[in-house]
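K.L.:
Sharing a sequence plus its predicted fold:
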Amino acid sequence: MAQIGYSKKVMEHFMNPRNVGVIENPDGYGKVGNPVCGDLMEIFIKVKDAKIDDIKFRTFGCGSAIAVSSMVTEMAKGKTLEEAMKITRKDVADELEGLPPQKMHCSNLGADALHDAIKDYWVKSGKIKADEVKEVEGHEGVSCPTE
Ligand code: FES
């Protein structure tokens, strides 16, 4: 496979993605889609003692989106929900040692889906109300902006 502009870390996570799969009856669930390319990412979390005890993802998308999903789940696992909420799109891209400029938008899905899963948990557990979701710090809006 051609590796035009991809770091070794991106290729490694693409070839051997971590935490792939689905958690039945998750404590939190996040789903984000990109209306431009059609890519879709889902993140499932299990919470224990206010920490992310288990996390899995399912991504219908490009190789970068898969590498991003794998990396963001590794970064979030074991963290408190507040810490995981602070993981930004840029943090994920940095951990992957960068993405080619035309693929930077692919790093959006990971942090956004993670934040959505955490907010879903907070709504279900009564910490925030459904109509407060958009105001929670860390929300970065729609992924993959149109050109
Ligand atoms: Fe859409 Fe990569 S091309 S997330």
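P.N.:
Perfect, I can see it now. Numbers count the residues shown, from 1 in each chain.
K.L.:
Model confidence for the most centrally placed residue in the chain, exactly?
P.N.:
Central residue of the chain (Cα atoms, centre = their mean): residue 110, 2.3 Å from the mean position. On pLDDT, residue 110 comes in at 93.
K.L.:
if I pick it, what's in contact with it?
P.N.:
The contact partners of residue 110, by Cβ atoms under 8 Å, 6 or more residues apart in numbering, come to 41, 65, 68, 69, 71, 72, 89, 92. For the C-beta atoms, the positions are set from N, CA and C on the backbone; glycine is no exception.
K.L.:
switch the cut-off to 7 Å
P.N.:
41, 68, 69, 71, 72, 92 (Cβ atoms under 7 Å, 6 or more residues apart in numbering).
K.L.:
how many neighbours does the nearest residue to residue 18 once chain neighbours are set aside have?
P.N.:
Spatial nearest neighbour of residue 18, excluding adjacent residues (Cβ to Cβ, 6 or more residues apart in numbering): residue 70 at 4.8 Å. Using other Cβ atoms under 10 Å, residue 70 is surrounded by 25 other residues.
K.L.:
can you tell me the helix or strand for residue 29?
P.N.:
For residue 29, the enclosing helix or strand under DSSP states H and E is strand 28-33.
K.L.:
Name every strand pairing with that strand and say which way it goes.
P.N.:
Strand 28-33 pairs in its sheet with strand 40-48 (antiparallel), by DSSP bridges.
K.L.:
that older thread, just the ones of the contacts of residue 110 in strands?
P.N.:
Among the contacts of residue 110, the ones falling in strands (DSSP state E) are residue 41.
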